[in-house]
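K.L.:
Using only what follows, build the 3D model:
(2 chains)
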Amino acid sequence: QKEVEQNSGPLSVPEGAIASLNCTYSDRGSQSFFWYRQYSGKSPELIMFIYSNGDKEDGRFTAQLNKASQYVSLLIRDSQPSDSATYLCAVNLAGGGADGLTFGKGTHLIIQP
Amino acid sequence: ETGVTQTPRHLVMGMTNKKSLKCEQHLGHNAMYWYKQSAKKPLELMFVYNFKEQTENNSVPSRFSPECPNSSHLFLHLHTLQPEDSALYLCASSQDSRGNEQFFGPGTRLTVL
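P.N.:
Numbers count the residues shown, from 1 in each chain, chains lettered A, B, ... in the order given. The predicted structure is shown next:
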């Protein structure tokens, strides 16, 4: 049974600080990891993906993957009020497992001005 | 139009009605997906199509019937739904179903009376 776990929050972070969002997954065979941002009433929007252990940076966002610990995180530097949203972690088991993505419940992030 | 589009955006139907949701992607992708998003629950994968072939049916009740006439179009036919089927139904597409990033449409907000 594939599971993706996230703390539902809300996670409250002051504007300008670093927001750290965490995700654990149960399936050691998972190969692809994604972070989506979802504003209230809107559909999920892809912001980062990572396939290899280590860090991947894109602007203010850094995704971190540790396959040994089955852990993936998203760091948002210089947090802005517009970053307030629900962040969904998703994993995919490629090459033999089920198609599609398994999503966590999401972490509700609030950036306080 | 670009990206992934869905129609209608909102739908209210009675339990005895028959309706269809439509999804179209303009990204040249070969895989399409239906997800259900209910309040307080993770995104649930319903169906996966890869190169027009259904590759995943996540134990979805038969009152939901998918159709994929070509790689660009995906339908979800609905009949004799229950009030608990009220949710946001999201369509997504990806290059193929082997772990690539997925892009979501805006969703159809469905209410079953």
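K.L.:
Closest residue of chain B to chain A?
P.N.:
residue B:99 (3.4 Å; C-beta to the nearest C-beta). Glycine gets a C-beta too; all of them are placed from N, C-alpha and C.
K.L.:
how much space between that residue and residue A:92?
P.N.:
Using C-beta to C-beta, to the nearest Å, residue B:99 is found at 4 Å from residue A:92.
K.L.:
residue contacts, the closest residue to residue A:103 other than its chain neighbours?
P.N.:
Among residues not flanking residue A:103 along the chain, residue B:43 sits closest, at 4.0 Å (C-beta to C-beta, 6 or more residues apart in numbering or on different chains). Residues in contact with residue B:43, defined by C-beta atoms under 8 Å, 6 or more residues apart in numbering or on different chains, are A:44, A:88, A:90, A:101, A:103, B:35, B:36, B:37, B:90.
K.L.:
coming back round to it: got any residues that touch both of residue B:99 and residue A:92?
P.N.:
Common contacts of residue B:99 and residue A:92 (C-beta under 8 Å, 6+ apart): A:31, A:32.
K.L.:
Look up phi and psi at residue 31.
P.N.:
No chain in the question, so chain A it is. phi -120, psi -30 (degrees, to the nearest 10).
K.L.:
Chain B was what I was after
P.N.:
Per degrees, to the nearest 10, the backbone of residue B:31 is at phi -120, psi 140.
K.L.:
That one and residue B:48 touch, don't they?
P.N.:
Yes - between residue B:31 and residue B:48 there is a contact under C-beta atoms under 8 Å: 6.8 Å.
K.L.:
Direction included, what does the helix-or-strand element of chain A with minimal mean pLDDT pair against?
P.N.:
The helix or strand of chain A with the poorest confidence is strand A:102-103; it has a mean of 88 (mean pLDDT, DSSP states H and E). Applying DSSP bridges, strand A:102-103 is found paired with strand A:85-92 (antiparallel).
K.L.:
Up against chain B, what does chain A have?
P.N.:
By C-beta under 8 Å from any C-beta of the partner chain, the part of chain A that sits against chain B consists of A:4, A:31-32, A:34, A:36, A:42-46, A:49, A:88, A:90, A:92-95, A:98-106.
K.L.:
returning to what we had before: got the confidence number for the residue of chain B closest to chain A?
P.N.:
At residue B:99, the model reports a pLDDT of 71.
K.L.:
which SS state does it fall under?
P.N.:
Following DSSP: H, G, I helix; E, B strand; the rest coil, the label given to residue B:99 is coil.
K.L.:
what sits against residue B:54?
P.N.:
Per C-beta under 8 Å, 6+ apart, neighbours of residue B:54: B:47, B:48, B:66, B:68.
K.L.:
so which of those are also by chain A?
P.N.:
Checking the contacts of residue B:54 against chain A by C-beta under 8 Å from any C-beta, the ones in range are residue B:48.
K.L.:
Out of the contacts of residue B:54, list just those in strands.
P.N.:
B:47, B:48, B:66, B:68 (DSSP state E).
K.L.:
can those residues go into CSV with extra columns for pLDDT and neighbour count?
P.N.:
Below are the ones in strands among the contacts of residue B:54 laid out as CSV (pLDDT from 0 to 100; neighbours: other C-beta atoms under 10 Å in any protein chain shown):
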residue, pLDDT, neighbour count
B:47, 93, 24
B:48, 92, 24
B:66, 96, 20
B:68, 96, 21
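K.L.:
what pairs with residue 32 across the strands?
P.N.:
Looking at chain A here, since you left the chain open. residue A:92.
K.L.:
not what I meant, chain B
P.N.:
Residues in beta-bridge contact with residue B:32 (DSSP bridges): residue B:49, residue B:93.
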